[in-house]
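Peer 1: quick one, what's the 3D model for this:
(4 chains)
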There are 2 protein chains.
Amino acid sequence: MEAKRRRLGAAIPDAPASGIGSSPVASGTGMGALAASALEPVNPRLPIAPQIYERLRRAITTLVVLPSEALSEKELSLQLGVSRTPVREALIRLADEGLVDILPQRGSFVAPIRLRDVEEAQFIRESLEVAVACRLAGHCSARFLSELKLNLARQESAVAEGNRDLFLELDEAFHRGLCEEAGLSKSWRVIQSVKLQMDRVRYLSLPEPGHLDVLLAQHRQVAEAIERGQAEEAGRLMSAHLKEVLGSANLLRQKLAHLIEN
Amino acid sequence: MEAKRRRLGAAIPDAPASGIGSSPVASGTGMGALAASALEPVNPRLPIAPQIYERLRRAITTLVVLPSEALSEKELSLQLGVSRTPVREALIRLADEGLVDILPQRGSFVAPIRLRDVEEAQFIRESLEVAVACRLAGHCSARFLSELKLNLARQESAVAEGNRDLFLELDEAFHRGLCEEAGLSKSWRVIQSVKLQMDRVRYLSLPEPGHLDVLLAQHRQVAEAIERGQAEEAGRLMSAHLKEVLGSANLLRQKLAHLIEN
DNA sequence: CTTTGTACTCTACCATGGTAGGATGTCAAT
DNA sequence: ATTGACATCCTACCATGGTAGAGTACAAAG
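Peer 2: Numbers count the residues shown, from 1 in each chain, chains lettered A, B, ... in the order given. Model prediction:
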């Protein structure tokens, strides 16, 4: 009766947090079982399926689990100490987002990095964010503009410190903020969903020195164009910025051919 | 043992097809039980969850079930003769798309028509399709252009016959075709997903005479701009076209306030 | 050596029972 | 009449067992 255990397990603190996020690309053992990299346990007091989804999504986008690796319902449920149902629901959602391929009666597998899908994700994101920037230009509250400047200042600090993870976090907040100020929260959800495809590639691209400065400068330019109400210019700048983000994708085509399809 | 029944049920023909699609807006009884409008049974030889999803999606977008109506896992599973699991999976997906609100431990309900969501769906669709039209301009195969012309000719027939359903079908094929010729099938999936919000409103808007002619003319204009390779013009025309599609939304705000939130 | 048949193993998929928690109606106390 | 506690009902959520079907390994036949 696992149900019993859940009741008793109420006293579990919250999360040991074993720092999955900072693990580098798994050394090229290939096809390694997921068993070793044990996902952190779930909190039984909160809805389980979303937690599983979150852990798996993170493990896939940070390449803790590699493309074509099997994600069996049963194995995962054993590792996480939950039943197969929430695992299954998480896998279905990941499949919807193209991170997992479910083959009925065969198994579920981490989807390969399909460059075509990555490029299309880029297209979708760019189309939406350009439109957001255009719509926002000249229609921001003063309060939002000051928030934006605070965010940019913090980006500058992060770059100065060389704190890449913090910068990426602020970068995400910057883009999300634009959507939300425009009253377009669903759009951000769509962007986030397709961005997953790009995140895996981005995680592979080694941090080039000076790259963060370029991104920060572009953020500033976009923000200024929006503040000045130059809609078309804001869109143009956003487009250029988003193209920059994925600039290193072609490099990967040769280096990691074994992870990539197409 | 329902599992036994499934094996025996192998001989079920395919689908009685009780013509859900053509049923008008349910007369204003309000809160009517779903029981009466029995969804057509599923085919047990095919994956069940997607079938349930499809039936429910159709029932919601055609207003066979009205906003705020309860969609209980148990009741639906009884009506459809399946277990609660595939019903649940279908409801989760519908909730992802904003057609259903799931309140944990309370129930699942058809989501109200939130005008804000409809407008944002319109924004997302327009952003993407404008970008598709721009990208496609001057980059179509001759084969595709002839297909496009065939589609337009069939649209003309449909308008001439006054066959609105056929026109809407060809309309969808037109837009989908543009995405696929551009190699952007995922984009079409996104569009379809957000379009669901608009479909419900569209279903409410009474067919104005002459409206279909306008839409057809706009389709032709878009197609011609694409053929001539005029990217910006194609985008501009697509934008105007998509704005036209939802033109009657404001009319509804008063007439159907009880179905609408915001 | 190649091909075919077959038993076996593994999977996702579905059915079904149990649990916790929100909602509601009843009734007592104010 | 209003409010509070409490019992009951109903829900989504999760656990778990059964089933069909796709792979695979191996034996027998060509």
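Peer 1: just the element for A:Ile191, please.
Peer 2: Using DSSP states H and E, A:Ile191 sits in helix A:185-204.
Peer 1: now that helix: buried residues?
Peer 2: For helix A:185-204, burial by neighbour count (16 or more other C-beta atoms under 10 Å in any protein chain shown) applies to A:186-188, A:190-202, A:204. In short, each C-beta sits where N, CA and C put it, glycine included.
Peer 1: check stretch A:47-60 too.
Peer 2: Buried, per 16+ other C-beta under 10 Å, within stretch A:47-60: A:48-49, A:51-53, A:55-57, A:59-60.
Peer 1: and which of those residues is nearest B:Ala95?
Peer 2: Minimum distance to B:Ala95 across the buried residues of stretch A:47-60 is 12.1 Å, recorded for A:Ala49 (C-beta to C-beta).
Peer 1: would you confirm that the closest one contacts A:Arg84?
Peer 2: No - with contacts counted by C-beta atoms under 8 Å, A:Ala49 stays clear of A:Arg84, the gap being 11.2 Å.
Peer 1: ok, back up a step: quick one: name whatever helix or strand follows the helix holding A:Ile191.
Peer 2: Next helix or strand after helix A:185-204 toward the C-terminus (DSSP H and E): helix A:211-228.
Peer 1: contacts for the helix or strand where A:Phe174 lies?
Peer 2: For A:Phe174, the host element (DSSP H and E) is helix A:164-181. Helix A:164-181 is contacted from outside by A:21-22, A:129, A:132-133, A:136, A:140-141, A:144, A:147-148, A:151-152, A:154-155, A:158-159, A:185, A:187-188, A:191, A:207, A:212, A:215-216, A:219, A:226, using C-beta atoms under 8 Å, 6 or more residues apart in numbering or on different chains.
Peer 1: tell me the mean pLDDT over that helix?
Peer 2: The average pLDDT within helix A:164-181 is 96.
Peer 1: please name the nearest non-neighbouring residue to whichever residue of chain A sits closest to DNA strand D.
Peer 2: Residue nearest to DNA strand D within chain A: A:Ser83 (2.6 Å; C-beta to the nearest atom of the strand). Distance criterion C-beta to C-beta, 6 or more residues apart in numbering or on different chains; nearest residue to A:Ser83, sequence neighbours excluded, is A:Ser77 at 5.7 Å.
Peer 1: Three-state assignment for that neighbour, please.
Peer 2: Three-state call for A:Ser77 (DSSP: H, G, I helix; E, B strand; the rest coil): helix.
Peer 1: is it correct that it is in contact with A:Ala90?
Peer 2: No - judged on C-beta under 8 Å, A:Ser77 makes no contact with A:Ala90 at a distance of 10.4 Å.
Peer 1: those two: who's more crowded?
Peer 2: Using other C-beta atoms under 10 Å in any protein chain shown as the criterion, A:Ser77 and A:Ala90 rank with A:Ala90 on top: 25 against 18.
Peer 1: and the residue of chain A closest to DNA strand D, what pLDDT?
Peer 2: pLDDT, A:Ser83: 93.
Peer 1: thought it was touching A:Glu73?
Peer 2: No - with contact defined as C-beta under 8 Å, A:Ser83 does not count as touching A:Glu73 (9.5 Å).
Peer 1: could you check which of those two is surrounded by more residues?
Peer 2: A count of neighbours by other C-beta under 10 Å puts A:Glu73 above the other of A:Ser83 and A:Glu73, at 18 against 14.
Peer 1: so what does that one have for phi and psi?
Peer 2: Per-residue torsions, A:Glu73: phi -50, psi -50 (degrees, to the nearest 10).
Peer 1: report all helices and strands that the helix holding A:Ile191 contacts.
Peer 2: In terms of contacts (3 or more C-beta pairs under 8 Å, 6 or more residues apart in numbering or on different chains; DSSP states H and E), helix A:185-204 is packed against helix A:48-61, strand A:113-114, helix A:115-136, helix A:164-181, helix A:249-255, helix B:115-136, helix B:185-204.
Peer 1: make TSV out of the ones you listed and add distance to DNA strand D.
Peer 2: Converted to TSV, those look like this (distance: least, C-beta to the nearest atom of the strand, whole Å):
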stretch	distance to DNA strand D
helix A:48-61	3
strand A:113-114	20
helix A:115-136	22
helix A:164-181	25
helix A:249-255	28
helix B:115-136	21
helix B:185-204	20
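Peer 1: can I get the ones you listed in CSV including distance to B:Val100?
Peer 2: Shown next, in CSV, are those (distance: least, C-beta to C-beta, whole Å):
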stretch, distance to B:Val100
helix A:48-61, 16
strand A:113-114, 30
helix A:115-136, 24
helix A:164-181, 24
helix A:249-255, 37
helix B:115-136, 13
helix B:185-204, 11
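Peer 1: and these, which one's lowest on average pLDDT?
Peer 2: In terms of average pLDDT, helix A:249-255 trails the rest of the helices and strands packed on helix A:185-204, at a mean of 62.
Peer 1: who does whatever helix or strand comes next after it pair up with?
Peer 2: Remark: after helix A:249-255, the chain's next helix or strand is strand A:260-261, criterion DSSP H and E. The pairing partners recorded for strand A:260-261 under DSSP bridges are strand A:113-114 (parallel).
Peer 1: what's the separation between A:Leu46 and A:Ser187?
Peer 2: Distance, A:Leu46 to A:Ser187, using C-beta to C-beta, to the nearest Å: 27 Å.
Peer 1: now A:Ser108. Its backbone dihedrals?
Peer 2: According to degrees, to the nearest 10, A:Ser108 has phi -120, psi 140.
Peer 1: many thanks, have a good one.
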